[in-house]
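Asks: next comes the sequence, and after it the predicted model I'd like to discuss.
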Amino acid sequence: MQNAETMTVHTVITYDLGRTAPIVAQLALKFAVVLTVWHRRHHTRKALRALPDYLLMDVGLSRDAAYTEARRPFWRV
């Protein structure tokens, strides 16, 4: 089985069911995956914005770079 991060929706459906799922199920799963990614991005950027300067320096980011990244909308990579 592939790493969960690299699995596609089609792979998950095919692996779990042993056959291709109905199109509605595929769309619902794709929608759930997109929402999960957006949610993770939102919370990651929110946490980045809250990091103190010493931790930002530890990961090699300036306050300006962290602020720029944190201001990006969750739907943008």
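Replies: It's in.

Asks: secondary structure class for residue 73?
Replies: coil (DSSP: H, G, I helix; E, B strand; the rest coil).

Asks: so what's the residue count around it?
Replies: 9 (other CB atoms under 10 Å). Bear in mind the C-beta positions are built from the backbone N, C-alpha and C, glycine included.

Asks: same deal with residue 38?
Replies: That count, for residue 38 with other CB under 10 Å as the rule, works out to 13.

Asks: please report phi then psi for the closest residue to it other than its chain neighbours.
Replies: Among residues not flanking residue 38 along the chain, residue 74 sits closest, at 4.7 Å (CB to CB, 6 or more residues apart in numbering). The phi/psi pair for residue 74 (degrees, to the nearest 10) reads phi -60, psi -20.

Asks: repeat that for residue 60.
Replies: According to degrees, to the nearest 10, residue 60 has phi 80, psi 30.

Asks: residue 51 reaches residue 65, doesn't it?
Replies: No: taking contacts as CB atoms under 8 Å, residue 51 lies outside contact range of residue 65: 11.4 Å.

Asks: these two: who's more crowded?
Replies: Relative neighbour count places residue 51 above the other of residue 51 and residue 65, with 16 against 12, counting by other CB under 10 Å.

Asks: how near is that one to residue 29?
Replies: 33 Å (CB to CB, to the nearest Å).

Asks: quick one: average pLDDT of the longest helix seen in the chain?
Replies: Using DSSP state H, we find that the single longest helix of the chain is helix 23-50. Helix 23-50 comes out with an average pLDDT of 92.
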